[in-house]
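> everything below, folded, please.
(2 chains)
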Amino acid sequence: MSFEIMSISSVLIQKQAVAELEKCNDFTTQFRLTLSQRDAVELVETRTLALKSNGRIEFGGGVIEKIIREFCNSPYLSMHNYAETLHDLTDMFYYYKNETLELMSDDDLIKFMKKSFDGLCQGSLELLSGRELANMARNLRFGYTPEYLEGLACGEEDEDEEY
Amino acid sequence: MKNIEKRHIIDSNNLSGEFYFTSIVQEGYAYGLLNDSDIEDIKLQCLKLLSNKSELYNGGESSSIRIEAAESIMKSNLYTIGVYLKSLPDADFAVSELKMVSIPEMYQKGRALISGKVHSAKHIYKMAKANRLINLNYTYNATLDDNGLGIFFKLYNPDYEAHEVPASIDYQLCNPITDLTGIEFIHKYLENLFLENEFCSYFNDDNIDHILCGYDEGYKDLLINIFEQVLTVALGCMLANSMVVKLDISEEKIRRLYNNLSKEDDYLLALKICEANEKILQELNISSLSLRRYIERSLPKITSNIVHAVKTNTLGKTIVSPSNPDLKPKIQFLSGVKMDDGKYRKFIEELLICRYSSDKLALIKEKVKSFGDIEDLLFDAQLSEEEITSVLGMLGDVEIAELIRRHPLKSDIQAVDLSEVEQALRLFLISYIDQLTADRQDHIFEILNHLIDD
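Okay, the predicted model is just below:
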């Protein structure tokens, strides 16, 4: 008989999470974005894998719902890349949750992701993960504000150009 | 009819003190007191509690948590519930409580008990500090200090790490605590330490210091239990009809005691020790029931030590006679006035250009008048092993002993931090001493024991 967390948590949590994701369709239909039941199940599986590979555990619906609510009005999301983007964003979220040493709350991290995705990255998930989030995480680890090095780097580039 | 005891289904001996909750659930399931659905319900409730605690832990800012943190919170929760279940009259009752009362409710009750225990442990800590011995033993003092046990009360986190013991505890008790953790461990440790201090307080601190010196002069750096040494010597004194309060038993008396005890078999020996213990309790007028029980619990260990010592004819190592380091003869070594730096530099230059060893030795004999200069030239004059051995041959036993005191013969691992010249000198010194006769070696080491710091 084991009271280890991983052995008692999974099935019930997953069922609950799928139901919560399906409910999100009520809100996202206005943006012509919906998830099928299969999409929802796969997203929960992605979340489970992401949590496992990043050494984390989550109770309840989790952050996918928050990601959906934040990203559903993005001009770079449409029905054909909706589910796929959500998979990547979920993966990214848990990875950078650890990389930022949990110094940023869920809401702030998702907001930062959305702002960068729609802004500097112009819908590129590669830029979001490999540049914006990586810079932000490094800044936080070194005790700077999330945007600190970004501004300095731009300044340096400008100076280089002048010379 | 007064002695009828209630029969219990669960054997409390099978329960773990450290993981009480898990073991009681396992035993309850094994004896059929809990079925599969009860277990499932308990697990789900534990998960819900963990979920709520994790939310609090994250301050509502994060929905996920690192697995290590979650596991620690889970352990803390189960430990807290275990503390409550332990407080119930028996294990059977605890299992029925598991079925009747919700996990969060039991957790809250356990949490309240832990708060009470922390409060009580703080009080016992103050008492243990108040009746502490004046003793040189490092681990004893470091453990009782604010940075040892005291730090526990600053770092203990009963909400999320109730099962941890964030304290620096190196001092070993006579009865080690092996089956408890968290605040229960600290509470029990402090209780036992207080009782050990209380027993030792019946004796003079100086007398305790002397028997510990008799055990080993370097006792201040040893991981020993003071109470155990004191009780052993007190038993020895009682068995040899010496004054127990003074802890004064001579080597001759120990020899005679050995002659008496070696005639007895193990059982009779143990009986004699028990009787001696009773007499000690009477002589010292120890009325505290908890202290009497603690001493009785310590007896089997001490008895087995004495029995073993009698069998191996090493009673003098177990029951030690006191030794007062202040009464031992001391040798203060005066190394004489060193030559001034300019002269010394000239002398070394002269020594370095000497072609033959015999010239070097003649020069050293002629110019060097102090031990300090000899010591310096061993490092500075780039002498070969043979030359160093010859220089050492010029020295008397006291000078060699002083040289060993200043450059102790350490093991290879300890010598790693030393400079190359220093390592070489120590090696030559060891090989020089090895080639001396056994009598002279003994004499040198005898002198070494009496040399005191400058």
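> which parts of chain B sit against chain A?
Within chain B, the positions adjacent to chain A are B:21-22, B:25-26, B:29, B:39, B:43-44, B:46-47, B:50-51, B:54-55, B:58, B:61-68, B:70-71, B:74, B:78 by C-beta under 8 Å from any C-beta of the partner chain. (C-beta placed from N, C-alpha, C; glycine too.)
> identify the residue of the stretch 151-300 of chain B closest to chain A, quick one.
Of all residues in the stretch 151-300 of chain B, B:His163 sits closest to chain A, at 12.7 Å by C-beta to the nearest C-beta.
> quick one: that residue and B:Ser76 touch, right?
Yes. Assessed by C-beta atoms under 8 Å, B:His163 is found in contact with B:Ser76 at 5.4 Å.
> quick one, strands of chain B?
Using DSSP state E, the strands found in chain B span residues B:64-66, B:331-332, B:451-452.
> residue nearest the centroid of chain B?
Closest to where the C-alpha atoms of chain B average out (C-alpha atoms, centre = their mean) is B:Leu223, at 2.8 Å.
> dihedrals phi and psi, that residue?
With angles defined as degrees, to the nearest 10, B:Leu223 sits at phi -90, psi 70.
> now do B:Ser335
For B:Ser335, the backbone dihedrals (degrees, to the nearest 10) come out as phi -90, psi 0.
> and the gap between it and chain A?
Note on B:Ser335: its distance to chain A, by C-beta to the nearest C-beta, to the nearest Å, is 56 Å.
> give me the pLDDT for residue 80.
Defaulting to chain A. According to the prediction, A:His80 has pLDDT 92.
> switch to chain B, that's the one I care about
We have a pLDDT of 97 for B:Thr80.
> burial measure for it, as a count.
The local packing of B:Thr80 (other C-beta atoms under 10 Å in any protein chain shown) involves 27 other residues.
> circling back: pick the most buried one from the strands of chain B.
Among the strands of chain B, ranked by average contacts under mean count of other C-beta atoms under 10 Å in any protein chain shown, first place goes to strand B:64-66 (a mean of 22).
> can you give the distance of that strand from its chain's centre?
Strand B:64-66 sits 39 Å away from the centroid of its parent chain (C-alpha atoms, centre = their mean, to the nearest Å).
> and B:Lys109, what does it touch?
Applying C-beta atoms under 8 Å, 6 or more residues apart in numbering or on different chains to B:Lys109 gives the contacts B:Tyr84.
> report pLDDT for it.
B:Lys109 is given a pLDDT of 96.
> where in the chain is pLDDT low?
The chain I'm using is chain A. Applying pLDDT under 70 to chain A picks out residues A:1-13, A:60-61, A:149-163.
> that's the wrong chain, I meant chain B
Scanning chain B for pLDDT under 70 picks out B:1-6, B:409-415, B:454.
> any idea how it splits into domains?
Structural domains assigned to chain B are B:12-112, B:114-200, B:205-327, B:332-452, following automatic domain parsing.
> reformat those as a markdown table; add distance to A:Lys15.
What follows is the domains of chain B, written out as a markdown table (distance: least, C-beta to C-beta, whole Å):
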| stretch | distance to A:Lys15 |
| --- | --- |
| domain B:12-112 | 13 |
| domain B:114-200 | 28 |
| domain B:205-327 | 54 |
| domain B:332-452 | 60 |
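> I'd say B:Asn407 and B:Leu425 touch.
For residue B:407 the amino acid is His, not Asn. Yes. The pair B:His407 / B:Leu425 is scored as a contact, 6.2 Å apart, by C-beta under 8 Å.
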